[in-house]
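Chemist: Have a look at this prediction, sequence included:
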Amino acid sequence: MHTLIVLGGGFALLITSLLLGHAWGNGISGLLTGAKTFIPLWLICSSLNMWIGVQHGYSWGEEFPIFLAILAFPIIVASLIWWKIA
């Protein structure tokens with residue numbers, strides 16, 4: 001359940017990044033900036049999630065596959081948006 005909540009947070013961050021990029025940028029170029037900004041932000045957030053899991057008793061081996069899934073899905077969507085717009 002926690003994984004789904006974190007993934008939902010990732011997609012919420014993606015939408016927020018895209019909307020802020022569009023609002024502060026010049027339309028489509030702002031969306032590209034939002035997608036580019038989201039990727040390092042999500043890497044930091046998902047790494048923090050993995051670190052918290054390890055601090056609460058899970059091993060690195062148990063957390064790493066979950067980290068990859070949490071990292072990959074929103075970044076794949078952001079990359080597809082970036083590719084489709086560019």
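Modeler: Received, thanks.
Chemist: Walking through the chain, point out its helices one by one.
Modeler: 2-24, 28-55, 60-85 (DSSP state H).
Chemist: quick one: contacts for Gly10?
Modeler: Gly10 sits next to 42, 45-46, 70, 73-74 when contact means Cβ atoms under 8 Å, 6 or more residues apart in numbering. C-beta: built from backbone N, CA, C; applies to glycine.
Chemist: tell me which of these is nearest to Trp24?
Modeler: If you rank the contacts of Gly10 by distance to Trp24 using Cβ to Cβ, Trp42 comes first, at 18.9 Å.
Chemist: so the closest one touches Ala72, yeah?
Modeler: No - Trp42 is beyond contact range of Ala72, at 10.0 Å (criterion: Cβ atoms under 8 Å).
Chemist: Which of those two has more residues huddled nearby?
Modeler: Trp42 (22 against 12; other Cβ atoms under 10 Å).
Chemist: so who does the more buried one touch?
Modeler: Contacts of Trp42 (Cβ under 8 Å, 6+ apart): 10, 13-14, 71, 74-75, 78.
Chemist: and the residue lying farthest from the centre of the chain, how far is that from Thr3?
Modeler: In terms of distance from the mean C-alpha position of the chain, Gly57 ranks first, at 24.1 Å (Cα atoms, centre = their mean). Distance of Gly57 to Thr3, given as Cβ to Cβ, to the nearest Å: 16 Å.
Chemist: Turn the contacts of Gly10 into JSON lines, including pLDDT.
Modeler: JSON lines is the format used below for these (pLDDT from 0 to 100):
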{"residue": "Trp42", "pLDDT": "97"}
{"residue": "Cys45", "pLDDT": "97"}
{"residue": "Ser46", "pLDDT": "97"}
{"residue": "Ile70", "pLDDT": "96"}
{"residue": "Phe73", "pLDDT": "95"}
{"residue": "Pro74", "pLDDT": "96"}
